[in-house]
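> sharing a model prediction with you, sequence too.
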Amino acid sequence: MSERLKVLLQYAVPKLALTVFAGWVATPARGKVTTWIIRRFVAKYGVNMSEAAESDIGHYASFNDFFTRALKPGARPLAQSALVCPVDGAISQCGAIEHDQVFQAKGHRYSTTTLVGGDAALAQYYDNGSFATIYLSPKDYHRIHMPCDGRLLQMVYVPGELFSVNPATARNVPGLFARNERVVCEFEGEQGRFIMVLVGATIVGSMATVWHGLVNPPRESAVRRWDYRDQQIALKKGEEMGRFLLGSTVVLLFPQPRLAFADGWGPAAPVRLGQAMAEYAA
């Protein structure tokens, strides 16, 4: 089956129903059934359990417990860099935001305004800045960490589609990351504000942050906003900020001046939490 046909089939598949079903399977403790599912998953995707804080598959009560597993202390040391990679995964794209346009794949761009849920004033701050889009595959560690120190300013839940976010879909679905369900988190850092967008996908049962817990479900039909400016929610570089219950993509936005990305940062390059991502421009 061609790549394009596989993607076109996603338009017809009941993605929400599949996602709800996946959440139903992944959330409860099902004893030996859970252990069997996890064992099959580890074998199919080549998950490295030796770096997990709990390497014994039989110790995980539910699939979600396994999927959001912690790493052993020291498994992801932080590089001496202004910005470090916030996740394990592979780079989808990174580079300059052209006015308000973010490059998705050949022939596809989307606007920062659409990405953040229609707030043009918020998006304008990032005009001509920098972005990085990182895809988390099923085998990856699925907690999301801070690229630098930051104080939380606001969070926005944006309802949307639930397309897969793998590279093939990114090449074929226009505006994918600004089309799918997502959670937009804006922080204030030492060098200015920055945004981390958690993008949902097919069978992503939920997304959670450390300050709020589960953001979805419930899946709401309208944009929802939380303002944290009057609170002191501050997270350090490398500290966990959220997690996916089943995997997806993270999009980061930074304002001008544009970042100088580390050597080797480019499309399809594998990355790991804590490695050098970028330096601020002089």
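It's in.

> and the strands in the stretch 1-150 of the chain?
83-84, 89-96, 101-105, 108-111, 130-135, 143-145, 150-158 (DSSP state E, counting those that start in this stretch).

> what sits closest to Phe261 if chain neighbours are left out?
Closest residue in space to Phe261, ignoring its immediate chain neighbours: Ala278 at 4.8 Å, by CB to CB, 6 or more residues apart in numbering. (Each C-beta comes from the backbone N, C-alpha and C, glycine too.)

> for Ser221, which residues are in contact?
Counting by CB atoms under 8 Å, 6 or more residues apart in numbering, Ser221 touches Pro159.

> next one: Gly46
Lys139.

> mind listing what's buried in stretch 264-276?
Buried residues in stretch 264-276, counted by 16 or more other CB atoms under 10 Å: Trp265, Val271, Arg272, Leu273, Gly274, Gln275, Ala276.

> which one of those sits closest to Gln231?
Comparing these against Gln231 with CB to CB picks out Leu273 as the nearest, at 26.1 Å.

> for His212, see how far away that closest one is.
Distance of Leu273 to His212, given as CB to CB, to the nearest Å: 21 Å.

> just the helices in the stretch 51-200 of the chain please.
Assigned by DSSP state H, counting those that start in this stretch, the stretch 51-200 of the chain shows helices spanning 63-67, 112-115, 120-124, 167-172.

> for the first one, give the mean pLDDT please.
Helix 63-67 shows an average pLDDT of 85 in the prediction.

> the shortest one too?
Along helix 112-115, the predicted local confidence has a mean pLDDT of 97.

> and it, what does it pack against?
Judged by 3 or more CB pairs under 8 Å, 6 or more residues apart in numbering; DSSP states H and E, helix 112-115 is in contact with strand 101-105, helix 120-124, strand 249-254.

> just checking, what packs against the longest one?
Right, the one you point to is strand 249-254. Counting by 3+ CB pairs under 8 Å, 6+ apart, strand 249-254 packs on strand 89-96, helix 112-115, strand 130-135, strand 192-199.

> mean neighbour count and distance to Leu71 added to the ones you listed, as JSON lines?
Formatted as JSON lines, these follow (neighbours: other CB atoms under 10 Å; distance: least, CB to CB, whole Å):
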{"stretch": "strand 89-96", "mean neighbour count": "20", "distance to Leu71": "14"}
{"stretch": "helix 112-115", "mean neighbour count": "22", "distance to Leu71": "29"}
{"stretch": "strand 130-135", "mean neighbour count": "24", "distance to Leu71": "17"}
{"stretch": "strand 192-199", "mean neighbour count": "23", "distance to Leu71": "19"}
